[in-house]
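Peer 1: got a predicted model here, sequence first, then my questions.
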Amino acid sequence: MANLRVGATTHTGQVRPANEDSLLITPTVFVVADGMGGHEAGEVASQIAVERIAELLEGDELPSAETVVAAIRTATSTTRQRARAQ
């Protein structure tokens, strides 16, 4: 198995004062959720997405592409449901 070193950073850009992105780095998956600056509660949506994906892809086993796609779809659905409940 390859040995990887990873790092992560995000940038607010030129328009917004706060960064709404969320990151997830595990031994098997890297996720960047764009907080969609300018949309209401973008930072909340990106955090929900990352947390849900982390829950669904928990463990040290490398997930299949199908499992990752299913996790992203579930995270998107969860984020939308919570936004509608607000």
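Peer 2: Received the coordinates, thanks. Residues are numbered from 1 along each chain as shown.
Peer 1: mind listing what's buried along the helix of greatest length in the chain?
Peer 2: Selection of the longest helix in the chain by residue count, based on DSSP state H, yields helix 65-85. Of the residues in helix 65-85, V68, A71, I72, A75, T78, T79 count as buried by neighbour count, 16 or more other CB atoms under 10 Å. C-betas here are computed from N, CA, C, even on glycine.
Peer 1: same check on stretch 45-54?
Peer 2: A45, S46, Q47, I48, A49, V50, E51, R52, I53.
Peer 1: chain center to the helix or strand hosting the fourth one, what's the gap?
Peer 2: Pointing back at I48 there. Secondary-structure element containing I48, defined by DSSP states H and E: helix 42-56. Its chain's average C-alpha position is 5 Å from that of helix 42-56, according to CA atoms, centre = their mean, to the nearest Å.
Peer 1: that helix - what's its average pLDDT?
Peer 2: Within the predicted structure, the mean pLDDT of helix 42-56 is 88.
Peer 1: neighbouring contacts of that helix?
Peer 2: Helix 42-56 is touched from outside by 18-24, 26, 29, 31, 33-36, 39, 67, 70-72, 74-76, 78-79, 82-83, with contacts defined as CB atoms under 8 Å, 6 or more residues apart in numbering.
Peer 1: and stretch 17-28, by the same measure?
Peer 2: With CB under 8 Å, 6+ apart, stretch 17-28 has contacts from 6, 8, 10-12, 30-37, 42-43, 46-47, 49-50, 53-54, 57, 59-63.
Peer 1: middle-most residue in this structure, spatially?
Peer 2: Computing the C-alpha centroid of the chain and ranking residues by CA atoms, centre = their mean puts V50 first, at 3.1 Å.
Peer 1: now the residue lying closest to it once chain neighbours are set aside, which residues is it bridged with?
Peer 2: Nearest residue to V50 in three dimensions, chain neighbours excluded: S22, at 4.2 Å (CB to CB, 6 or more residues apart in numbering). The partner list for S22 in beta bridges (DSSP bridges) reads A33.
Peer 1: what's the local residue count around S22?
Peer 2: One way to gauge burial is a neighbour count; for S22, by other CB atoms under 10 Å, it gives 22.
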